[in-house]
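1. Give me the fold of what follows.
(chains A, B, C, D and E)
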Amino acid sequence: MFSPFCRLLCSGVEVKGGEPLRVESGDGFILHLSQACLGEAKKDKGNESVCLFVNFDDQKLVLGTLSYEKIPQIPFDLVFEKDFELSHNLKNGSVFFSGYKVAQPEYPFTQINVS
Amino acid sequence: MFSPFCRLLCSGVEVKGGEPLRVESGDGFILHLSQACLGEAKKDKGNESVCLFVNFDDQKLVLGTLSYEKIPQIPFDLVFEKDFELSHNLKNGSVFFSGYKVAQPEYPFTQINVS
Amino acid sequence: MFSPFCRLLCSGVEVKGGEPLRVESGDGFILHLSQACLGEAKKDKGNESVCLFVNFDDQKLVLGTLSYEKIPQIPFDLVFEKDFELSHNLKNGSVFFSGYKVAQPEYPFTQINVS
Amino acid sequence: MFSPFCRLLCSGVEVKGGEPLRVESGDGFILHLSQACLGEAKKDKGNESVCLFVNFDDQKLVLGTLSYEKIPQIPFDLVFEKDFELSHNLKNGSVFFSGYKVAQPEYPFTQINVS
Amino acid sequence: MFSPFCRLLCSGVEVKGGEPLRVESGDGFILHLSQACLGEAKKDKGNESVCLFVNFDDQKLVLGTLSYEKIPQIPFDLVFEKDFELSHNLKNGSVFFSGYKVAQPEYPFTQINVS
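-> Residues are numbered from 1 along each chain as shown, chains lettered A, B, ... in the order given. Alright, predicted model coming up:
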């Protein structure tokens, strides 16, 4: 559950095979990546493994592995405060990523005084 | 876990096959989509894959894939600040979506001063 | 993770087969339903599907499907601001629901001024 | 994602077979139970089901079912504001529980006035 | 969903086999561990179980079990307010951990007065 004290914007993208996608958080926003899923299942792709990657801050990390039969979606709880790039190794097909943008606080919260 | 500083309203819908459902957040509310699940299992539908779609902001995105035997439900952590449309490709049967509405903050939180 | 600004109360119930259970949030509380799970596995029930239902606000919705072998538990992220009724179609056996109550804010948060 | 307004303390325990463990939240803390998992897999235990129990407030509830091959871990989103007892029915082996403690608010938040 | 009142920093690491990795939260930060996943699947590793460990505060705890075929990723909801060490028992291969750092509150929130 959540307590949306901040402005929220729904966000979703389709990342096609062989076409890494640069995602821009937008100034003053944090991007929360909530899930990844495969598109409509195709009969001949049942056992294929699809590995998801993120490029962030000069690192290439694995985000997870999807498959049409066993794991068509993965939930995430990831945040990005800077631009990043999503890609995967599925040749013919798309991976759909969903999440939301949240307005980043501009005040220095760690020094707040409530008095 | 959550800290409900805002007014919360439980929300659930049944989306029947072939009947896309428009969901209205309602003015001043954000809708949090928490999960999707299939209805009662039917014997002859065990291996059928059900693909879930959302139409939002002129995009059609895949939300995930359900199946009676292996994946009868999916948890989500998605938010919608505007109206959207839910649909699926199950011909005879329903998908149940659950979530909650949260009162959206009306003040510009990013500029708040607590002093 | 959570930030418990509110009073929290652990909450759990056993719902027996054929005995729908009315759950009262209690005045001024929201109930967060966190999970459902089956009791101890019995040998002869391996492939049985157990469908979970909620009655809320004159709607009967499916919450998900459990099975002893494949899906003995489901995580939820659901909230109820009013009373509701939990039931399931397992004839001989129980489903355990867990969650917590949270004190509901009494002030109209959407109109708050912090100045 | 989370907004740690409160002091947080990482927390983890090993619960051995036949040795129920009393967990003390500690005064002024809430304990969030985040997950349970089995220890290192042993060849001869593949299909064994391990049922997890919690004793809380004079109730004994089932928390879920683990197995070495299919379900070696379960995520939770449970909170305990009082002491509780964790146990399981695995004879030779341990279950590891992880979570965190959060400082409980001491002021009556439901009556707060921010003006 | 989340309400990022605090400064957030995306965080990810690759932990190679046989090379335990010390993770430093950094002064004034809490580290939220969001998930672990295996790297790209290799044909000959399908059934191998990979056990994940954390060393924290003089305790060695199991975090979960991954496998290339069945469980290539695990979601977590864990926090660390001090340094910790991640390791696993996969000989040739990496486990990728993702999460984020959150600025820790410096004021004693449990004694706050908002008046």
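2. ok, what's across the strand from the residue nearest to the spatial centre of chain A?
-> What sits nearest the mean C-alpha location of chain A, by CA atoms, centre = their mean, is A:L33, with 3.6 Å. Beta bridges link A:L33 to A:L78, A:G99, judged by DSSP bridges.
3. That one and D:E85: what is the separation?
-> Using CB to CB, to the nearest Å, A:L33 is found at 37 Å from D:E85. For glycine as for every other residue, the C-beta is placed from the backbone atoms N, C-alpha and C.
4. and if you look at A:L66?
-> 39 Å.
5. Next: A:A36.
-> A:A36 is 38 Å from D:E85, by CB to CB.
6. More neighbours: which of the two?
-> A:A36 (24 against 14; other CB atoms under 10 Å in any protein chain shown).
7. I'd say A:I71 and A:C51 touch.
-> No - counting by CB atoms under 8 Å, A:C51 is not a contact partner of A:I71; they are 11.5 Å apart.
8. Common neighbours of these two, please.
-> Common contacts of A:I71 and A:C51, defined by CB atoms under 8 Å, 6 or more residues apart in numbering or on different chains, comprise A:T65.
9. Between these two, point out the one with more neighbours.
-> Neighbour totals were compared for A:I71 and A:C51, and A:I71 leads with 22 against 19 (other CB under 10 Å).
10. contacting residues around the more buried one?
-> Contact analysis of A:I71 by CB under 8 Å, 6+ apart lists A:T65, E:P72.
11. gap between A:S87 and chain B?
-> 18 Å (CB to the nearest CB, to the nearest Å).
12. For stretch A:76-88, which residues meet the burial criterion?
-> By neighbour count on 16 or more other CB atoms under 10 Å in any protein chain shown, the buried set for stretch A:76-88 is A:F76, A:D77, A:L78, A:V79, A:F80, A:E81, A:F84, A:L86, A:S87, A:H88.
13. For that stretch, the averaged confidence score.
-> The average pLDDT within stretch A:76-88 is 95.
14. how about the closest residue to A:L66 other than its chain neighbours, secondary structure?
-> Using CB to CB, 6 or more residues apart in numbering or on different chains and skipping residues adjacent in sequence, the residue nearest A:L66 is A:V50, 4.4 Å away. A:V50 falls in the strand class when you classify it by DSSP: H, G, I helix; E, B strand; the rest coil.
15. Kindly report the same for the one 3 residues further on.
-> Look at A:F53: counting by three-state DSSP, its state is strand.
16. Please name the residues that touch the residue lying closest to it once chain neighbours are set aside.
-> Spatial nearest neighbour of A:F53, excluding adjacent residues (CB to CB, 6+ apart): A:S87 at 4.9 Å. By CB under 8 Å, 6+ apart, the contact set of A:S87 is A:V15, A:P20, A:L21, A:L52, A:F53, A:V54, A:N55.
17. Quick check on these: which are buried?
-> Buried members of the contacts of A:S87, scored by 16+ other CB under 10 Å, are A:V15, A:L52, A:F53, A:V54.
18. Could you tell me how far the third one is located from chain B?
-> Look at A:F53 and chain B: by CB to the nearest CB, they are 19 Å apart.
19. Correct me if wrong: that residue contacts A:Q59.
-> No - A:F53 is not in contact with A:Q59 according to CB under 8 Å; the separation is 10.3 Å.
20. Give the pairing partners of the lowest-mean-pLDDT helix or strand in chain A; include direction for each.
-> For chain A, counting by mean pLDDT, DSSP states H and E, strand A:8-16 ranks last in confidence among helices and strands (a mean of 91). Applying DSSP bridges, strand A:8-16 is found paired with strand A:94-103 (antiparallel).
21. Off-centre distance for the partner strand?
-> Mean-position distance between strand A:94-103 and its chain equals 5 Å (CA atoms, centre = their mean, to the nearest Å).
22. now swap in stretch A:34-45 and tell me
-> Relative to its chain's centre, stretch A:34-45 lies at 15 Å (CA atoms, centre = their mean).
23. Can you point out the buried residues in it?
-> Across stretch A:34-45, burial judged by 16+ other CB under 10 Å covers A:S34, A:Q35, A:A36, A:C37, A:L38, A:G39, A:A41.
24. what angle sits between the host helix or strand of A:Q35 and strand A:94-103?
-> Element membership for A:Q35, per DSSP states H and E: strand A:29-38. Strand A:29-38 runs at 160 degrees relative to strand A:94-103, counting by axes from the mean of the first three to the mean of the last three CA atoms, to 10 degrees.
25. Secondary structure class of A:S25, three-state.
-> coil.
26. For it, report the pLDDT, please.
-> 77.
27. Contact partners for it?
-> A:L31, A:F80, A:E81, A:K82, A:D83, A:K101.
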